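Engineer: dropping a prediction and its sequence here:
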Amino acid sequence: MIGINDIKRIIKKWFYFLGILAVLFGALILLIIIIQTVMDGGTEYPPAAMVFSALMVCVGATLVLLLKEKKKNIM
């Protein structure tokens, strides 16, 4: 039988996974924006996309750090 603790653990692992995906996807968007701007020869970055991807990286990293399972010491 599935208990409340099992459901909490599953939700926690999904949010951890989503946090990792948010960090990777946000970093990829930032990299694409910077490469595209450099290739165009411009010096002006699109501010909305930069803010969105930076927020995505920050929120994802926060989720990962908050939900990281701590190793239990047996000793």
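Structural biologist: That came through, no problem. Here the structure is a predicted model, which is why all the values come from computation and not from measurement.

Engineer: tell me the buried residues in the helix ranked longest in the chain?
Structural biologist: Among the segments of the chain that qualify as a helix by DSSP state H, the longest is helix 4-40. The neighbour-count check on helix 4-40 (16 or more other C-beta atoms under 10 Å) flags 16, 19, 22, 23, 26, 27, 29, 30, 33 as buried. Quick note: C-beta positions are derived from backbone N, CA and C, even for glycine.

Engineer: so where's the protein uncertain?
Structural biologist: Counting by pLDDT under 70, the ranges of the chain that qualify are 42-43, 45, 69-75.

Engineer: any idea how far residue 32 is from residue 8?
Structural biologist: Between residue 32 and residue 8 the computed distance is 36 Å (C-beta to C-beta, to the nearest Å).

Engineer: and what of residue 20?
Structural biologist: 19 Å.

Engineer: what residues does stretch 30-46 touch?
Structural biologist: 49, 50, 53, 54, 57 (C-beta atoms under 8 Å, 6 or more residues apart in numbering).

Engineer: which one among these gets closest to residue 3?
Structural biologist: residue 57 (34.6 Å; C-beta to C-beta).

Engineer: quick one, what contacts that closest one?
Structural biologist: Residues in contact with residue 57 (C-beta under 8 Å, 6+ apart) are 22, 23, 26, 27, 30.

Engineer: equivalent analysis for residue 59, please.
Structural biologist: With contacts defined as C-beta under 8 Å, 6+ apart, residue 59 is in contact with 19, 22.

Engineer: quick check, residue 68 in contact with residue 19.
Structural biologist: No - contact status for residue 68 versus residue 19: not in contact, 9.3 Å apart, counting by C-beta atoms under 8 Å.

Engineer: name the nearest residue to residue 57, ignoring sequence neighbours.
Structural biologist: residue 26 (3.8 Å; C-beta to C-beta, 6 or more residues apart in numbering).

Engineer: so the one you found versus residue 20, what's the distance?
Structural biologist: Counting by C-beta to C-beta - residue 26 and residue 20 are separated by 11 Å.
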